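In: One predicted model, sequence on top.
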Amino acid sequence: HENVYPDVDESHSHAYDHKACGPEGLGDGSLRLSAADIFGTGDTDALTYYVGNNTRSHPREDLTPPSGHNWSHTTSCFNRISSNDAFCVFTDTSYADGHGISFITTAQRAAYLASLPTFTSPSTTTKPNPAKYTISSIPGKGLGLIATTRIPRGSLILSSHPTLMIDYRVFDELLRTDYISLEAAAISSLPQAHRSAFFNLSTQSKNANVTDGLSRIALTDTIITTNAFDIPPPRPSPPPSHPYASPQEPGDPADDLWYTVFASPISRLNHDCRPNADYRFDWNSNKDGPGLVQVITAVRDILPGEEITISYINPLKSRQARQKHLRTVWGFNCSCELCSRSRGMVEESDRRIRLIKELRRLLREEGKDDGSKVGRGEEEEGWMTGSRGQGDRTKMAESLVNLYEMEGLWGMIFEAYAIAAREYSIVGEAWMAMKWAELAVEFGAMVLGEGDEEVREMKELARDPWGHGSWRSRKSGGYGEEDEGEDWIEGDERPECFGVEDGSDGEDEDEEGW
Ligand SMILES: C[S@@+](CC[C@H](N)C(=O)[O-])C[C@H]1O[C@@H](n2cnc3c(N)ncnc32)[C@H](O)[C@@H]1O
């Protein structure tokens, strides 16, 4: 579908063509779209709906978007009648060497974003991606990415700047008509090449396979919903004094999510229930990019000619649940390799998924190793935990690792390795804890980034299990509890050094150990 939606003829666009809006600006080079501009699009349906239903949000012409950054374009803001959080568009057309970027958020968060190094140190752009893929037509899927070279596990496939980032609160706070108008204004403010790339993206969502006759606003919204990613807020959270984490911000963590769309090959990645690649959003600069970029990494070796895929959904669902979700939310029937297997194979896979969920639950519940919480359904799966002790928990953790491996859940296996590492640390088996922690670091860095808190914790565990908070922690307590002697499980002592100090050849220890 690369060229199904040809470049939009800008000559027909008045309201969204910022050059036509007149010098109603914020300062040098800044133009501001008013509410009238936003609705002056010929989209009478939207306007009628807006006027007739506007009990929830309203435009705020009076608001002055923030100083501190020279945004090329801003719009009028909208906010909920009952709230003071006004959402506006903030566009910087010169961002990333003229690539441009738009945000829909509050003035406070826009100021935070503009303070990130990717804005303040303009030399930082994404690294040029070596051509590891080509964009081709894939039967039944539209366009997709095909590997042109062998891509080893863990390597960067591509990284991209977002086109548009929408503060998730917008969807709760504003009337739909208002936020889709802001979306259209945000895209219209981008540099023309970028705008054209956006309008070339897929519209094959459940809402619209037919785009003829869609207004610019509706087309923009369809493209966004077909191609957007959810991304979590920056981790670890900034200190509370920072405007982004100010006490006025809502407490629900879901409110901190962002909805992000990329007019780049990233938006051409198709879904697979057992994908060979995964994505993460790097807020901060690192070896893979300048920060504020989406990074796609291979989670297993990819061979030339293979399609590069990601999962659009939580893969820990049965085939029936996955297919239903993809059909209702994304509008396509999934025919990936896993979904297309024989009935027996699918049942085996579904059973493994149930076991994974159950093991995760049991292993995450610290100290609940007496089986008292295990219900009938789980017992039927064979996890009779009545007499389970700490030793069984390490076996359960290893079973969890095996199940992830059998299922090919390479983008999620980090958590199984981390669980196994902690369980072995809890019982004081240093070498096993280190082995699993090292794997957790390798796989965690791919999907979460090296700076992630849990990846750093695993690095510490791999380096010094004896110093980790979980080391020999009591079976009924949490990590980091004091050693009180008798409830400890026997395990390795912290070595003074890794050689034999007493001059013996170490045979005794070896014999004991084996
Ligand atoms: C983000 S786009 C992916 C790129 C898209 N194929 C294109 O041509 O630009 C998402 C859309 O691609 C299609 N798609 C993605 N994965 C698919 C799959 N496994 N099977 C069928 N269609 C798929 C669906 O139409 C979906 O709404």
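Out: Arrived safely.

In: Secondary structure element holding residue 225?
Out: When elements are defined using DSSP states H and E, residue 225 is found to belong to helix 216-227.

In: The helix or strand just after that helix vs the ligand: in contact?
Out: Using DSSP H and E, the helix or strand that follows helix 216-227 in sequence is strand 229-231. No: for strand 229-231 and the ligand, the contact criterion (CB under 6 Å from any ligand atom) is not met; the two come no nearer than 9.0 Å. (Each C-beta comes from the backbone N, C-alpha and C, glycine too.)

In: CA atoms only for the helix holding residue 225, dumped as CSV, please.
Out: Below are the C-alpha coordinates for helix 216-227, written out as CSV (Å, rounded to 0.1, in the frame of the first residue of the first chain):
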residue,chain,number,x,y,z
ARG,A,216,-8.5,14.9,6.5
ILE,A,217,-9.3,14.7,10.2
ALA,A,218,-10.8,11.2,9.9
LEU,A,219,-8.0,10.0,7.7
THR,A,220,-5.4,11.2,10.1
ASP,A,221,-7.1,9.5,13.0
THR,A,222,-7.4,6.2,11.1
ILE,A,223,-3.7,6.3,10.2
ILE,A,224,-2.8,7.0,13.8
THR,A,225,-4.9,4.2,15.3
THR,A,226,-3.5,1.7,12.7
ASN,A,227,0.1,2.6,13.3
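
In: list the helices and strands that helix packs on?
Out: Where contact means 3 or more CB pairs under 8 Å, 6 or more residues apart in numbering; DSSP states H and E, helix 216-227 is packed against helix 176-188, helix 192-199, strand 258-261.

In: if you compare those, which one is most tucked away?
Out: Using mean count of other CB atoms under 10 Å, the stretch among these with the largest mean neighbour count is helix 176-188, at a mean of 25.

In: Also compute the angle for that one relative to helix 216-227, please.
Out: Using axes from the mean of the first three to the mean of the last three CA atoms, to 10 degrees, one finds that helix 176-188 and helix 216-227 are set 80 degrees apart in direction.

In: I'd like the mean pLDDT over helix 176-188, please.
Out: Per-residue confidence for helix 176-188 averages out to 91 on the pLDDT scale.

In: Next, the angle helix 192-199 makes with that helix.
Out: Counting by the same axes, to 10 degrees, helix 176-188 points 130 degrees away from the direction of helix 192-199.

In: The chain should start at 52 in everything you say after this.
Out: In the new numbering, first residue 52, that becomes helix 227-239.

In: Those residues of this structure touching the ligand, which are they?
Out: Applying CB under 6 Å from any ligand atom, one finds that the chain approaches the ligand through 52, 191-195, 253, 255-256, 277-278, 318-319, 321-322, 381-383, 385, 387.

In: one more time with 5 Å
Out: If contact is defined as CB under 5 Å from any ligand atom, the residues of the chain in contact with the ligand are 52, 192-194, 253, 255, 278, 319, 321-322, 381, 383.

In: So which residues of the stretch 402-551 of the chain form helices?
Out: 427-431, 441-458, 464-477, 481-499, 504-514 (DSSP state H, counting those that start in this stretch).

In: Quick one: the ones you listed as a markdown table, columns for distance to residue 403 and mean neighbour count too.
Out: Putting those into a markdown table (distance: least, CB to CB, whole Å; neighbours: other CB atoms under 10 Å) gives the following:
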| stretch | distance to residue 403 | mean neighbour count |
| --- | --- | --- |
| helix 427-431 | 14 | 12 |
| helix 441-458 | 5 | 18 |
| helix 464-477 | 12 | 26 |
| helix 481-499 | 19 | 22 |
| helix 504-514 | 24 | 19 |
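
In: Is it possible to get TSV of the ones you listed that adds mean pLDDT?
Out: Putting those into TSV (pLDDT from 0 to 100) gives the following:
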stretch	mean pLDDT
helix 427-431	35
helix 441-458	91
helix 464-477	96
helix 481-499	96
helix 504-514	96
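
In: right, and those helices - which one's nearest residue 333?
Out: Taking CB to CB as the criterion, residue 333 comes closest to helix 481-499 out of those, the separation being 10.0 Å.

In: then that closest one to CSV, C-alphas only?
Out: Taking C-alpha atoms only, helix 481-499 is exported to CSV below (Å, rounded to 0.1, in the frame of the first residue of the first chain):
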residue,chain,number,x,y,z
ALA,A,481,25.6,-18.6,43.7
TRP,A,482,26.7,-20.1,40.4
MET,A,483,23.2,-20.9,39.3
ALA,A,484,22.0,-17.5,40.3
MET,A,485,24.9,-16.0,38.2
LYS,A,486,24.1,-18.1,35.2
TRP,A,487,20.5,-17.1,35.1
ALA,A,488,21.3,-13.5,35.9
GLU,A,489,23.7,-13.2,33.0
LEU,A,490,21.1,-14.5,30.6
ALA,A,491,18.6,-12.0,32.2
VAL,A,492,21.0,-9.2,31.5
GLU,A,493,21.6,-10.3,27.9
PHE,A,494,17.9,-10.6,27.0
GLY,A,495,16.7,-7.8,29.3
ALA,A,496,19.1,-5.3,27.6
MET,A,497,17.6,-6.2,24.2
VAL,A,498,14.0,-5.4,25.1
LEU,A,499,14.3,-3.0,28.1
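
In: Point out the other elements, helices or strands, that that helix touches.
Out: When contacts are defined as 3+ CB pairs under 8 Å, 6+ apart, helix 481-499 sits against strand 328-333, strand 344-349, helix 441-458, helix 464-477, helix 504-514.

In: what's the burial count for whichever residue of the stretch 52-201 of the chain sits closest to the ligand?
Out: In the stretch 52-201 of the chain, the residue that lies nearest the ligand is residue 193 (2.7 Å; CB to the nearest ligand atom). In terms of burial, residue 193 registers 16 neighbours under the definition other CB atoms under 10 Å.

In: could you pull out the helices for the stretch 252-401 of the chain?
Out: 267-278, 370-376, 394-415.

In: oh, I was asking about the stretch 102-251 of the chain
Out: Ranges of helices within the stretch 102-251 of the chain are 146-149, 158-165, 168-171, 220-224, 227-239, 243-250, based on DSSP H, counting those that start in this stretch.

In: Residue 373 is nearest to which of those?
Out: Taking CB to CB as the criterion, residue 373 comes closest to helix 220-224 out of the helices of the stretch 102-251 of the chain, the separation being 24.1 Å.

In: quick revisit: please convert the helices of the stretch 102-251 of the chain to TSV, extending it with distance to residue 481.
Out: Formatted as TSV, the helices of the stretch 102-251 of the chain follow (distance: least, CB to CB, whole Å):
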stretch	distance to residue 481
helix 146-149	46
helix 158-165	42
helix 168-171	39
helix 220-224	46
helix 227-239	53
helix 243-250	52
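
In: Would you list the buried entries among the residues of the chain next to the ligand?
Out: If you count burial by 16 or more other CB atoms under 10 Å, the buried members of the residues of the chain next to the ligand come out as 192-194, 253, 255, 278, 319, 321-322, 381, 383.

In: Residue 242 reaches residue 144, doesn't it?
Out: Yes: assessed by CB atoms under 8 Å, residue 242 is found in contact with residue 144 at 5.2 Å.

In: Which residues are in contact with each of these two?
Out: Both residue 242 and residue 144 are in contact with residue 151, where contact means CB atoms under 8 Å, 6 or more residues apart in numbering.

In: Settle it for me: which of the two has more neighbours?
Out: Looking at residue 242 and residue 144 with other CB under 10 Å, you find the greater number of neighbours at residue 144, namely 19 against 16.

In: distance of the more buried one from residue 240?
Out: With the distance defined as CB to CB, to the nearest Å, residue 144 ends up 7 Å from residue 240.

In: shared neighbours of those two, anything?
Out: Between them, residue 144 and residue 240 share these contacting residues under CB under 8 Å, 6+ apart: 123-124.

In: and of the helices of the stretch 402-551 of the chain, who's closest to residue 199?
Out: Closest to residue 199 of the helices of the stretch 402-551 of the chain, according to CB to CB: helix 481-499, at 20.8 Å.
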